[in-house]
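Student: Task: produce atomic coordinates for the following.
(one chain, ligands or ions: 3)
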Amino acid sequence: MYLTEALKAGADVVVGHGHGPVCHFYDDAVIRSYGYKVIRSSGSEVIRSSGSEVIRSSGYKVIRSNRKTVKPNNLKTLKSKLQFITHFTDRYSYLDSAMMALEGGCRWIQLRMKDADEAEIERTARQILPECRRRGAVFIIDDHVELVKRVGADGVHLGKNDMPVDEARRILGDEFIIGGTANTFEDIQRLAAQGADYIGCGPFRFTTTKKNLAPMLGIEGYENIVSLMKTHGINLPIVAIGGITYDDIPQVMATGVTGIALSGSVLRADNPVEEMRKIAIQLRVKN
Ligand SMILES: Cc1ncc(COP(=O)(O)OP(=O)(O)O)c(N)n1
Ligand SMILES: Cc1ncsc1CCOP(=O)(O)O
Ligand SMILES: [Mg+2]
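Tutor: Residues are numbered from 1 along each chain as shown. Ligands and ions are numbered 1, 2, ... in the order given. Down below sits the predicted model:
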């Protein structure tokens, strides 16, 4: 059985919508995002990447990727303009969402799994981390400071109901990225004083991706915040978040924010990989 063989090949061989490593009911967009090519020949199907190791069974080949590992430069990240927030849909798992974002050229992934227990988050984090490393992408985790340290992620994102940024800094030190959520300029002042590396600022507009949303900022809200930051001499990267789509990007970036974070508009697209690619090109994200 190819399933058994593929499972043996390792947890990093992940195909399909399911939460397990291999699922029969895949679609090509998801498979490609995992670095595999689907080649159909004389009734059999071959799933392959550009790596070296070949496992062959019942007409299927799974070739493991051989790409090099790159630890990202955190300073560069903070100038990065595009962060993808993982989510699940009826078509895609959290892991699928991260893989498609990476395939589309995003180089900053935040693992956010609000309703999952820590063991499941850790399992998913350990699957996504090597994929980020292979592409030189930054990998941060929402909420879970200790988990970031345990799995060796690049950082954490913390909101108002999470561990305070200064406490997280004492645990993680200066090598890890710590992002904080702001809904107002006062939040930004507090986070700057606590030593946040960047601010996730929103929501831009209504979104179903997050419950208990703060009031929407809109374009005017970002303009005010950016101008107040200038007058108060606060120089921190600001990532706009909340319901942002491809079409919003020029206007949002024109407010002077550093970048954007998004999720739903990519996952709702007919082809999430291509949607992310369009967005990465528009923001001139370098790979
Ligand atoms: C980039 C970014 N900005 C804001 C948030 C929201 O964080 P938080 O307020 O803690 O809410 P949850 O995401 O934990 O529901 C974020 N995650 N990322
Ligand atoms: C995590 C988070 N915090 C504020 S809005 C939001 C959700 C972002 O996802 P989307 O782009 O789907 O609105
Ligand atoms: Mg949080």
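Student: per-residue pLDDT, Tyr34?
Tutor: pLDDT recorded at Tyr34 is 70.
Student: which residue packs closest to the closest residue to ligand 3 within the stretch 101-250 of the chain, ignoring adjacent ones?
Tutor: Relative to ligand 3, the nearest point of the stretch 101-250 of the chain is Gly159 (3.5 Å; C-beta to the ion). Where C-beta positions appear, they are placed from N, C-alpha and C, glycine not excepted. Excluding its sequence neighbours, the residue lying closest to Gly159 (C-beta to C-beta, 6 or more residues apart in numbering) is Thr181, at 4.0 Å.
Student: and the one you found, bridged to which residues?
Tutor: Gly200 (DSSP bridges).
Student: Please report how far it lies from Asn235.
Tutor: 19 Å (C-beta to C-beta, to the nearest Å).
Student: out of the two, which sits in the more crowded spot?
Tutor: Between Thr181 and Asn235, Thr181 has the larger neighbour count (other C-beta atoms under 10 Å), namely 23 against 8.
Student: what sits against Ala182?
Tutor: Ile188, Leu191, Ile199, Gly200, Cys201, Ile225 (C-beta atoms under 8 Å, 6 or more residues apart in numbering).
Student: for these, which one is nearest Thr124?
Tutor: Gly200 (20.2 Å; C-beta to C-beta).
Student: Surely the closest one and Gly242 touch.
Tutor: No - Gly200 lies out of contact with Gly242 (C-beta atoms under 8 Å); the separation is 9.2 Å.
Student: contacting residues for the residue nearest to Gly159?
Tutor: His157, Leu158, Gly159, Lys160, Asp187, Ile199, Gly200, Cys201, Gly202.
Student: how about TSV for the residues you listed, with neighbour count added?
Tutor: Listed next are the contacts of Thr181 as TSV, based on neighbours: other C-beta atoms under 10 Å:
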residue	neighbour count
His157	27
Leu158	24
Gly159	17
Lys160	13
Asp187	19
Ile199	25
Gly200	26
Cys201	31
Gly202	26
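Student: Those also near ligand 2: which ones?
Tutor: Gly202 (C-beta under 6 Å from any ligand atom).
Student: and of the contacts of Thr181, the nearest to Lys149?
Tutor: Leu158 (13.8 Å).
Student: Give me the three-state assignment for the spatially most central residue of the chain.
Tutor: By C-alpha atoms, centre = their mean, the chain has its centre lying nearest to Ile109, at 2.1 Å. Taken by DSSP: H, G, I helix; E, B strand; the rest coil, the conformation at Ile109 corresponds to strand.
Student: What of Ala280?
Tutor: helix.
Student: list the contacts for it?
Tutor: Leu82, Gly104, Gly105, Cys106, Asn287.
Student: Neighbour-wise, which one of the residues you listed leads?
Tutor: Going by other C-beta under 10 Å, Cys106 tops these with 26 neighbours.
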